[in-house]
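In: Here is a sequence with its predicted model. Questions after.
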Amino acid sequence: KYKAVIFDLDGVICHTDAYHYQAWKALADRMDIYFDETINNRLRGVSRMKSLEIILEGNMGAALTDSEKQYLAEEKNNIYKKLLENMGPGDLSNQVRQTLNILRGAGIKLAIGSSSKNAGFILKQIGLGGYFDAISDGNNITRSKPDPEVFLMASEYLNIPKEDCLVVEDAAAGVDAAIAGGMDCAGIGDEMELKLADYHLKNFNDLLGIVLM
Ligand code: B16
Ligand code: MG
């Protein structure tokens, strides 16, 4: 049914949420701004700048200039990148690695569709540098999820029509992006939050039943 699968990165292929949280928390503490896990949950799949805006909500965020916001976003990214250095091939689960290999062995094209500008570095860290047939990430888009751009670019890079691509997402913004792009989507994680997805994966390898049927 599908010729390609486009995977979100953070929250699907690997988990960098804790590092995002630590980095934003360090920045918020420095600015004496309240930040907790609940706010962090709202940042999933959302771009760096939009994330900063969410954190600044009700905290005089509107009083900051664009270049001040740029500086803060960069500060967070510097802390985050340092934390990413702790990642290694052990941060890729056996189940994810094996599922990817089976799909690829069956001739399915595999791509990344991530909001992150650090996607390339993260993939290298977990041993998947050069693995995917195409990478569409925060560096080649102008509009972040829930805009479909990142997934449409992935299907273009793969040269496979979007109707033949399945998107795998862990965040509501990503499911909305897939739907907006007219693509089928499988959600992994909180079923309530991802209820608009066409499929729900209890485990990553449930994908095999959907794609290889
Ligand atoms: P960066 P995904 C997203 O990745 C993360 O879920 C989100 O929390 C983050 O703000 C965004 O990437 C931007 O990341 O600061 O590294 O450019 O889930 O779309 O793979
Ligand atoms: Mg994600």
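Out: Perfect, I can see it now. Residues are numbered from 1 along each chain as shown. Ligands and ions are numbered 1, 2, ... in the order given.
In: Quick check: L9 vs ligand 1, distance?
Out: Separation of L9 from ligand 1 (CB to the nearest ligand atom, to the nearest Å): 4 Å. For every residue, glycine as well, the C-beta is placed using N, CA and C.
In: and that residue, how many residues sit next to it?
Out: Neighbours of L9 under the rule other CB atoms under 10 Å: 27.
In: Spell out the residue ranges of the helices in this structure.
Out: If DSSP state H is used as the criterion, the helices of the chain fall at 17-31, 37-41, 48-56, 66-84, 94-105, 119-125, 149-158, 172-180, 206-211.
In: I'd like the distance between G181 and I122.
Out: For G181, the distance to I122 (CB to CB, to the nearest Å) stands at 23 Å.
In: ugh, wrong one, I meant V150
Out: V150 is 15 Å from I122, where distance means CB to CB.
In: and what of A172?
Out: From A172 to I122 the distance is 21 Å (CB to CB).
In: Around ligand 1, pick out the residues from the protein.
Out: 8-11, 20, 43-48, 51, 77, 114-118, 138, 171 (CB under 6 Å from any ligand atom).
In: Of the residues you listed, select the buried ones using a PyMOL command.
Out: To isolate the buried subset of the residues of the chain next to ligand 1 in PyMOL, counting by 16 or more other CB atoms under 10 Å, use the following:
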select buried, resi 8+9+10+11+20+43+44+45+46+47+48+51+77+114+115+116+118+138+171
